[in-house]
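[1] Build me a model:
(one chain, ligands or ions: 1)
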Amino acid sequence: MNQIVIAPQWYGAYKKGPEVGALRLAELFEMGGLSEQTLISVPNVGSGEDHCMPFFDAIDKVNSNICDAVFSALSSGNKVITIGGDHAISWGSISGVLKHNPEVGVIYLDAHGDCNISERSASHHIHGMHMAYLMGFGEDKYVGRYTKNLLPVENILYVGARSLDPYEVELIKEQGISRITCDVINSDMIQVLDTISDFMSRFKQIHVSLDIDVLDPSIAPGTGVPEVGGITEEALHEVLDFILTKSDQVKSLDLVEYNPLLDIEERTDRVVQKLVKTISSL
Ligand SMILES: [Mn+2]
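    Numbers count the residues shown, from 1 in each chain. This is a model prediction of the structure:
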């Protein structure tokens, strides 16, 4: 059975709209027959005093609850889809997965690395940081926040990342984290699927984290931090079909950063309708 965890949070993006996207996605999953849904309560707060980690207390509470919900779904033998909201909700979802099985492989489809740290981030938006803390980099306060099981750098495959901050470039290079670029995705799908297949063969369990900004903004403009040079919708579906149908390894998935307030002519809404259909078959 598939369980849906809905996290209508926008604090990590520092821009309203992802919470509207979360409820729209929940509605689409429900229309597709996935009605086993848990709504995570998101507190209504101001940004508080900590300008280096704005809204941290609210995000922390949300992630702690997401971690519990994902851990409990997986422990009951179910698959779980966590819907954002902004991508900071993956701090909670991936923590829940790691708590259940520390030997999971994470395929991270995103225009960004989301592995900056508070001290080095120019924007201080938390949706760009959680991967660093999950891996074990940055301040002790944030590392191992929801589970002591950290995500080994070799258990990550970035797909479509094309906009990286200086700290992220250093980290990915120094740690040798695997990455498939958009150029390769848009030109050599066989190589892409080979790389994904090799990566997946190393794990019994896979988590997929899908930020819709991995798509080119001409296809999916309704997202908070669009980056030109993204992948096509066909390429994304080819990759997802391969990952989801190749085996039964994928037990959990995040779908994040749909912002209907920024959409143009409902283009992104049509894209997410198709994605929900594909993902529902998980
Ligand atoms: Mn992103």
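[2] What helices and strands are in contact with whichever strand or helix holds Ile243?
    Per DSSP states H and E: Ile243 is located in helix 233-245. Other helices and strands packing on helix 233-245, by 3 or more CB pairs under 8 Å, 6 or more residues apart in numbering; DSSP states H and E, are strand 104-109, helix 182-187, helix 189-200, strand 205-211, helix 267-280. Backbone N, C-alpha and C define where each C-beta goes, glycine included.
[3] So which of the ones you listed is nearest Ser247?
    For Ser247, the closest of the helices and strands packed on helix 233-245 is helix 189-200, at 7.1 Å, according to CB to CB.
[4] Spell out, range by range, the strands that occur in the stretch 1-150 of the chain.
    Secondary structure of the stretch 1-150 of the chain by DSSP state E, counting those that start in this stretch: the strands cover 2-7, 37-39, 79-84, 104-109.
[5] Could you pull out the buried residues of the second one?
    Neighbour-count burial for strand 37-39 flags Thr38 (criterion: 16 or more other CB atoms under 10 Å).
[6] ok now it, how far from the chain's centre?
    Centre-to-centre, strand 37-39 and its host chain are 18 Å apart (CA atoms, centre = their mean, to the nearest Å).
[7] Can you list the strands that it pairs with?
    strand 2-7 (parallel) (DSSP bridges).
[8] Quickly check: stretch 246-257 near the ion or not.
    No. Using CB under 5 Å from the ion, stretch 246-257 never reaches the ion; the gap is at least 5.8 Å.
[9] The strands of the stretch 1-150 of the chain: which one's closest to Lys246?
    Using CB to CB, the nearest of those to Lys246 is strand 104-109, at 11.6 Å.
[10] Give me the contact list for that closest one.
    94, 97-98, 114, 131, 151, 155-161, 196, 199-200, 202-203, 205-211, 214, 236, 239, 243 (CB atoms under 8 Å, 6 or more residues apart in numbering).
[11] Next, work out how far apart the residue with the largest distance to the centre of the chain and Asp60 are.
    In the chain, counting by CA atoms, centre = their mean, Glu49 sits farthest out from the average C-alpha position, at 27.0 Å. Between Glu49 and Asp60 the distance is 14 Å, computed by CB to CB, to the nearest Å.
[12] just checking, Gly128 touches His112?
    Yes. Using CB atoms under 8 Å, Gly128 is in contact with His112, at 6.2 Å.
[13] got any residues that touch both of the two?
    Joint contacts of Gly128 and His112 (CB under 8 Å, 6+ apart) are His87.
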